[in-house]
Each structure stands twice: as C-alpha cells, then as structure tokens.
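Asker: with the sequence up front, the predicted model follows.
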Amino acid sequence: MKFVHLFGPQAVGKMTVGQELAKITDLKLFHNHMTIDLVSQFFDYSTNEGKRLVNLFRQEIFEEVSKSNLYGMIFTYVWMFNLESDWDYVKRLSQLFESRGGTVYYVELEADLEERLERNKTPNRLEHKPKKRDIEWSENDIKCTMEKHRLNSLEGEIVFKNYIKIDNTKLSAEEVAKIVKEKFHL
C-alpha cells in the first residue's frame, strides 16, 4: 500500500496534480474537498458538527483503504505548520498506513500567491470544489489563511524519509505528477 500525502496552501494545485498522478499510476485520489463538500450540504466546515463529520468520514475511508488490496491512495491536505494539531494529524495518518505495512510519501507543493490566485479561478477547481465558486470569498480565504498560518515548511523542517518539495509556480500538473512518479517509483 502506498499513501501519497500531497500538501500545500490553498489553490497551489494539489487536487489537479493528484488527478494527473492518478492517471499515470494505479493510485486513487481522495482530495480533501470530497468530504468537505459532502458535509457542507448539512453543516459548514467551520462548525463543530462539520469538522467532526469530515474527520469521521475521512478516518473511516483511511481505515478501509489501509486494510485493502488497493495499490494506494493520494490524499490532499492544507497543512498549517504552526499548529501542533496538524503535525499530530499527519503523524497519526502516517502511522495508520505504516502500521499496516504501507509506505507513506510526502509531497509538498508551493507556488507564489499571484499564481495561486489565478489557479483559484480555473474551471477544473470550480467544477470539483463548489464552495470555491464564490471567488471573492475564496480569494479572501486564501489571503486570510496566509496571514494566520504558515502553509509551507521551512528548510529542513520535514525530516520524513520519503519527502519532496516542489515549487510548481511555473510547472504544469502533468509535469509535477511525472516528477513525483519518478522520484518515488510509483
């Protein structure tokens, strides 16, 4: 079992890279908005109920996938490096897959703000993430989150064995997916 943890700031291209990586491997994509958008039909993600349900659905999917015969999974996530709870979550998730014989790969994406604001409006993003269709809200969310949280790691901060950081400001999703596939022999 291979678990590719694809993380970075909002609109950096995680889902799109994940889609491309899924096309050229046997990995299944589980992007973070699959659960957020499901739950938001009932409860906003910012509420206690919304967060609890999103976490519950994700955990159940992770449990079943980690025990399955699937080749592997790609999971996208916005990791807030200044929050200990996010570090703990990443460690727990990794331990789940590793405890069942899986290998975890960490792929960090970064891109400059101008590029991320452009990507925030792409048809693919808006098709797959209904909440992001309110562009004014979405752009404000990107900027506010950046002010409150550090969304990319510092040099040397991540010491996991299978880790790569890619500045994809000027790279296509296809190019990034090929880099990841080759780096980790997926």
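Answerer: That came through fine.
Asker: for stretch 4-18, buried residues please.
Answerer: Neighbour-count burial for stretch 4-18, counted by 16 or more other C-beta atoms under 10 Å, picks out 4-18. For glycine as for every other residue, the C-beta is placed from the backbone atoms N, C-alpha and C.
Asker: inside strands: which ones of these?
Answerer: Among those, the members falling in strands (DSSP state E) are V4, H5, L6, F7.
Asker: what's the helix or strand for V107?
Answerer: Assigned by DSSP states H and E, V107 falls within strand 103-110.
Asker: let me fix that, I meant to ask about E49.
Answerer: Going by DSSP H and E, E49 is part of helix 48-67.
Asker: so for that helix, mean pLDDT?
Answerer: Helix 48-67 comes out with an average pLDDT of 95.
Asker: give the buried residues for it.
Answerer: In helix 48-67, counting by 16+ other C-beta under 10 Å, buried: G50, L53, V54, R58, F62, V65, S66.
Asker: which residues does the first one contact?
Answerer: Contacts here follow C-beta atoms under 8 Å, 6 or more residues apart in numbering; on that basis G50 touches V39, S40, F42, F43, D44.
Asker: can you map out the helices along this protein?
Answerer: Ranges of helices in the chain, per DSSP state H, are 14-24, 33-39, 48-67, 84-98, 113-119, 123-128, 135-148, 173-184.
Asker: what pLDDT, on average, does the last one get?
Answerer: Per-residue pLDDT over helix 173-184 has a mean of 98.
Asker: sorry, back to before: can the helices of the chain go into a markdown table with extra columns for distance to E155?
Answerer: Listed next are the helices of the chain as a markdown table, based on distance: least, C-beta to C-beta, whole Å:
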| stretch | distance to E155 |
| --- | --- |
| helix 14-24 | 21 |
| helix 33-39 | 29 |
| helix 48-67 | 30 |
| helix 84-98 | 17 |
| helix 113-119 | 20 |
| helix 123-128 | 29 |
| helix 135-148 | 19 |
| helix 173-184 | 18 |
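Asker: ok so, going back, ok, so of the contacts of G50, who is nearest T25?
Answerer: Ranked by distance to T25 (C-beta to C-beta), those are led by V39 at 28.1 Å.
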